[in-house]
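[1] A structural model of the following input is requested.
(chains A, B, C and D)
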2 protein chains.
Amino acid sequence: MRVTSIDVAKRAGVSQATVSRALRDQPGTSQATRRRVRDAARELGYVPLESGRSLVTRRSRRVGIVVGELSNPFYPALLDPIVRELVSRGYLPVLIPDDGEHGPPTEPIFDGSLDAVVLTTSRAGTPLPDEIERRGIPFVMVNREVAPHGRARATCVPDNVAGAAAVAELLVDLGHTRVGTLAGPADTSTGAQRLAGFRDALARRGIALHPDAIRQVPFTLTAGTETAVALFAEHPVTALFCANDVLALGALDAAARLGLRVPEDLTVVGFDDIPLASLAPVGLTTVAVDLAALARQAIAHLVARIDDPGLSVREHQQEVTLRLRRTHAAPEPSTGASR
Amino acid sequence: MRVTSIDVAKRAGVSQATVSRALRDQPGTSQATRRRVRDAARELGYVPLESGRSLVTRRSRRVGIVVGELSNPFYPALLDPIVRELVSRGYLPVLIPDDGEHGPPTEPIFDGSLDAVVLTTSRAGTPLPDEIERRGIPFVMVNREVAPHGRARATCVPDNVAGAAAVAELLVDLGHTRVGTLAGPADTSTGAQRLAGFRDALARRGIALHPDAIRQVPFTLTAGTETAVALFAEHPVTALFCANDVLALGALDAAARLGLRVPEDLTVVGFDDIPLASLAPVGLTTVAVDLAALARQAIAHLVARIDDPGLSVREHQQEVTLRLRRTHAAPEPSTGASR
DNA sequence: GTGAAAGCGCTAACAT
DNA sequence: ATGTTAGCGCTTTCAC
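    The predicted structure follows:
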């Protein structure tokens, strides 16, 4: 059977309450008792039962992370720094997978087993943040945000508009005029903002983004591949801005299949700079988002709000930088039709 | 304040115990009451407190997964199917990160908050499996095992020896004689078995693996790159067997830096077939391990043992298959020195 | 500085 | 079919 604090109390010759106090180094326990209790606990291999403790303290030192499918390489890239930050602060990460269809299960979020929640998969119109807030559970949205119609929300997101605009500048500077984009879903802030930032910056430089060259698709590898294949067939371009690296990887895959050379025949630019993007055989030109910094900001704020629920929420926007690698070039004279 | 079953009871006009029974569809509750209770619970947004339930049932429907750093692409590849299997069976995955230095924290494993544990980072000599077993917590080792000196252990591992032998056969058949290996750490079953299987199979074909051509290093990208660079400088080979895909990716990176063409100048073969290996620009020849099947076997067995602790443990060995892609070739006459 | 007792919210055993 | 009661293991008053 399980070792309880009563067992430890018997062995140390003290009361059960003293065991509880001594093991938590509460003031009001003598050095001597503390040692006797510690020894007894160690000898018995005592570990306090989490449910017992949590029932009375209303704390679990566990934080839920709502994430998309881990087979999508973006999520491990985002999850890794979040997990590091949580663990370094003494919190245990609980995965709440969101398959993207029905949204995440809500029971584990509301059953009191989590001190806070990190949301990374939010889509416009989701009722989840409101409900989490109503129940008084601290949360933060990382990478994706949902437009707060009214009050502010704790968010940590990259500067999507600036990043996309930088890509537009790059493409125009290189001389591309026939450009397209694999945009993300319209109901994600990353998808919407990166498309808007790209289109607006192009327009400022006098380049129009043809409707046929805009494909709003899920942030998946297969969507990237298939959509790129279709785009090349229906509306050829010399440069393709992909709203994230996963889509860009798919586009690279499509280009390879179709015998298009990158960057000679096609320029591909991504967004995020996940570790995969910098692999030698990939060398993707992309907008680098410091996901570690994003996670640090988010978790620091989240933990602060666990400790002080009255703390005002903060909206952090992370600077991004264009990372030039090997998938961009000027259009070839024969291919790049200009005016 | 939090909504409790007492609040629901008041609203439904029944006792608190009836609420508990009705919401769990226990036999011995009338249809009518069940509906009234459900309605009241829904109206109040009632979700049972996990710690209260867990304290009495001794079940949490949470399973811990001890994993290595998520920045190492092998772990997301393994974690993804494990998480899928757990979630589809109604369990929530709790991440217990093992940085590889001090081993994972043990308190969250022993504090009664997990119904079972999945171990993926085990090293020879670790006391963890013994201690988990002593405490009566169901567990299974996936991918890595530790030699059970005595009783059997629940394990799900690939056939490392057969896989490594298949690579040896391939290299010999291609005509390679100067071969090397980036082996994994000696205290991991994957590292030790893949090296042994490779060396023995080579020996059977009359090829000796030179001690200088064996490098036992951590399963990381940087170790792969750096060790490959060193190996090429000190003891050039025409074919390199890497004990996993991550090391192989590192080797590919090193080859690219040194201007070695793959596969013309160098054959590189990996192990695992993580998703990255099949990316178009990578095309790694490797030993495919069906990690989804591995996870399915492991979690099915684990869940069966949660439900029936008396169940005898099973040791599953997963068949592997050689996946030929584009990083292997016969040695070039000039380079491949034979007899 | 320490013990006794209450109580967190739930399930389960026992009545009826 | 439902109410009453006990109790899971812990933290936290409240005495002393």
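
[2] tell me the secondary structure at residue A:113.
    Under DSSP: H, G, I helix; E, B strand; the rest coil, residue A:113 falls in the coil class.

[3] meant to ask about residue A:199, not that
    helix.

[4] with adjacent residues omitted, what lies nearest to it?
    residue A:209 (5.0 Å; C-beta to C-beta, 6 or more residues apart in numbering or on different chains). Every residue, glycine included, has its C-beta placed from N, CA and C.

[5] wait, the one you found sits on residue A:202?
    Yes - Residue A:209 is within contact range of residue A:202, at 5.5 Å (criterion: C-beta atoms under 8 Å).

[6] looking at the two, which is more packed in?
    residue A:202 (24 against 20; other C-beta atoms under 10 Å in any protein chain shown).

[7] what distance do you get for the more buried one to residue A:213?
    Residue A:202 is 11 Å from residue A:213, where distance means C-beta to C-beta, to the nearest Å.

[8] give me the common contacts of those two.
    With contacts defined as C-beta atoms under 8 Å, 6 or more residues apart in numbering or on different chains, the residues shared by residue A:202 and residue A:213 are residue A:179.

[9] on that earlier part again, can you give me phi and psi for the residue nearest to residue A:199?
    phi -90, psi 110 (degrees, to the nearest 10).

[10] ok, residue A:118 next?
    Dihedral pair for residue A:118: phi -110, psi 120, per degrees, to the nearest 10.

[11] returning to that earlier point: quick one: common contacting residues for residue A:209 and residue A:202?
    By C-beta under 8 Å, 6+ apart, the residues touching both residue A:209 and residue A:202 are residue A:179.

[12] for residue A:104, which non-adjacent residue is spatially closest?
    Nearest one to residue A:104, counting by C-beta to C-beta, 6+ apart, is residue A:98 at 4.2 Å.

[13] enumerate every residue touching that neighbour.
    Here residue A:98 is in contact with A:66, A:67, A:68, A:104, A:121 (C-beta under 8 Å, 6+ apart).

[14] 6 Å - rerun?
    Contacts for residue A:98 (C-beta atoms under 6 Å, 6 or more residues apart in numbering or on different chains) come out as A:66, A:68, A:104, A:121.

[15] quickly name whichever of these is closest to residue B:228.
    Within the contacts of residue A:98, the smallest distance to residue B:228 is 33.4 Å, found for residue A:68 (C-beta to C-beta).

[16] quick one, grab the pLDDT at the closest one.
    Residue A:68 is assigned 97 on the pLDDT scale.

[17] what's the neighbour count on it?
    Residues lying near residue A:68 (other C-beta under 10 Å) number 21.

[18] around DNA strand D, which positions in chain A sit nearby?
    Within reach of DNA strand D by C-beta under 7 Å from any atom of the strand, chain A has these residues: A:2, A:4-6, A:16-17, A:20-21, A:23-24, A:46, A:48-49, A:52-53, A:55-57.

[19] give me phi/psi at the closest residue in space to residue A:245 that isn't next to it in sequence?
    Among residues not flanking residue A:245 along the chain, residue A:270 sits closest, at 3.9 Å (C-beta to C-beta, 6+ apart). Per-residue torsions, residue A:270: phi -110, psi -160 (degrees, to the nearest 10).

[20] just the strands in chain A please.
    Ranges of strands in chain A, per DSSP state E, are A:62-67, A:92-97, A:116-119, A:139-142, A:155-158, A:179-183, A:214-216, A:239-242, A:267-272, A:285-289, A:315-318, A:320-323.

[21] ok, the last one: who's next to it in the sheet?
    Strands that pair with strand A:320-323, judged by DSSP bridges, come out as strand A:285-289 (antiparallel).

[22] how about the residues of the stretch 201-339 of chain A near DNA strand C?
    Counting by C-beta under 7 Å from any atom of the strand, no residue of the stretch 201-339 of chain A is near DNA strand C.
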